[in-house]
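Enquirer: Give the three-dimensional model of this entry:
(one chain, ligands or ions: 2)
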Amino acid sequence: MITTRNISRFWEWGRKIICVGRNYADHAKELNNPVPTEPVLFLKPPSAYVTQGSPILVPSYCRDLHHEVELGVVIGRGGTDIPQGSAMDHVAGYALCLDMTARDVQDVCKSKGLPWTLAKAFNTSCPVSEFIPRERIPDPGNVTLWLKVNDQMRQKGCTDQMVFSVPHLISYISGIITLEEGDLILTGTPRGVSAVQEHDELQAGIQDVVTMSFKVNRKEHQ
Ligand SMILES: CC(=O)CC(=O)C(=O)O
Ligand SMILES: [Mg+2]
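Expert: Ligands and ions are numbered 1, 2, ... in the order given. The predicted model follows:
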C-alpha cells in the first residue's frame, strides 16, 4: 500500500502514460506520415516504465527497435475539460522520456489498420529520467532534447517545433481522458529516430537540466 505519495517518483504511482504521435513535422515527414491536424494519441501501461540502472528489453518479436526521445509532462493536479489558459496550473513537472518503438511491428499494424499496442506498449518501452520540478523548465515550448547511441548523436530537436503546444495537448487530452495526478504525457519526438541493437548504450538529455543513460538487452526466452 502506498502511504506516502511522492510525485517525484511518479512512475511508481501506476497512472496513465498518454503518448502523442507525429507532433513534430520533421519527424512525421521522415516516416512519410502526414502532419496531423489534431493530436494523434496512444497509451502505454505503467509496466512500460523503466528507470536508469535497469535495461531496455527488446521484445522477442521485434527486429527493428527504434528510440524516440520526448519531453514528458507530469500532471500534478487532475481535471477534465481543462481550458488551455489554465493548463499549465495542472503541471507538477517534467521528465525526459523515450518512446521505444518496435518499428517493424508498427509498420505491419499500420498496413493492416491494427492498433499499435505491440509496437509501443511492451515492458520497458518507456524509459524515464528523474523527475524535473516545473521551475527547472520555465518554458516547455523552448527546450532542446538530444539522444546519442554509443556516443553518436542521433536526435537533437527543440520543442519550439511541436505542432501542438503543451497547454494545447493538456486541454485536448483532458477533453477525452480525465487527467489524474501522476499521469505522464509524452509529447512526441523530433526527427532522427533510428534503430538500436542489443548491447547499445543510449544517452539522452535536456540541455542544462538532465541526462540519463540506458543499456539495451534482448528479452530472454522464457
Ligand atoms: C510514428 C510514431 O511512432 C509516432 C510517435 O510516437 C511520435 O513520437 O511521433
Ligand atoms: Mg513517440
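
Enquirer: got the contact list for Ile206?
Expert: 71, 94, 96, 132, 137, 143-145 (Cβ atoms under 8 Å, 6 or more residues apart in numbering). (C-beta placed from N, C-alpha, C; glycine too.)

Enquirer: Whichever of these end up buried, select them in PyMOL.
Expert: Command for PyMOL that selects the buried part of the contacts of Ile206, burial taken from 16 or more other Cβ atoms under 10 Å:
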select buried, resi 71+94+96+132+137+143+145
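
Enquirer: doesn't Ala92 make contact with Gly76?
Expert: Yes - counting by Cβ atoms under 8 Å, Gly76 does reach Ala92; the two are 2.8 Å apart.

Enquirer: so what sits against both of those two?
Expert: Common neighbours of Gly76 and Ala92 (Cβ under 8 Å, 6+ apart) are 7, 134, 181.

Enquirer: Pull the number of nearby residues for the first one.
Expert: A total of 16 residues lie near Ile7 under the criterion other Cβ atoms under 10 Å.

Enquirer: and it, what does it touch?
Expert: Applying Cβ under 8 Å, 6+ apart to Ile7 gives the contacts 13, 74, 76, 92-93, 131, 181-182.

Enquirer: I'd like these as TSV, with pLDDT appended.
Expert: Conversion of those to TSV gives the following (pLDDT from 0 to 100):
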residue	pLDDT
Trp13	96
Val74	98
Gly76	97
Ala92	97
Gly93	98
Phe131	98
Glu181	97
Gly182	97
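
Enquirer: Could you rank those residues by neighbour count and give me the top one?
Expert: Within the contacts of Ile7, Val74 tops the neighbour count with 25 neighbours, counted by other Cβ under 10 Å.

Enquirer: Does that one touch Val91 like I think?
Expert: Yes - Val74 lies in contact with Val91 (Cβ under 8 Å); the separation is 7.1 Å.

Enquirer: residues touching the spatially closest residue to Thr144 that is not a sequence neighbour, list them.
Expert: Nearest residue to Thr144, sequence neighbours excluded (Cβ to Cβ, 6 or more residues apart in numbering): Gln207, at 4.5 Å. Listed by Cβ under 8 Å, 6+ apart, the contact set of Gln207 reads 143-144, 146.

Enquirer: For Gln207, give me phi and psi.
Expert: Dihedral pair for Gln207: phi -40, psi 130, per degrees, to the nearest 10.

Enquirer: what's the answer for Ser47, then?
Expert: Torsion angles, degrees, to the nearest 10, at Ser47: phi -70, psi -10.

Enquirer: Arg218 versus that one, what's the distance?
Expert: 18 Å (Cβ to Cβ, to the nearest Å).

Enquirer: Not counting sequence-adjacent ones, nearest residue to Gly188?
Expert: Per Cβ to Cβ, 6+ apart, closest to Gly188 is Asn23, 2.8 Å.

Enquirer: Kindly state the beta-bridge partners for the residue most central in space within the chain.
Expert: Closest residue to the average C-alpha location of the chain: Leu186 at 3.6 Å, with Cα atoms, centre = their mean. Beta bridges link Leu186 to Cys19, Gly72 when assigned by DSSP bridges.

Enquirer: Surely it is in contact with Cys19?
Expert: Yes - between Leu186 and Cys19 there is a contact under Cβ under 8 Å: 4.2 Å.

Enquirer: All set now, cheers.
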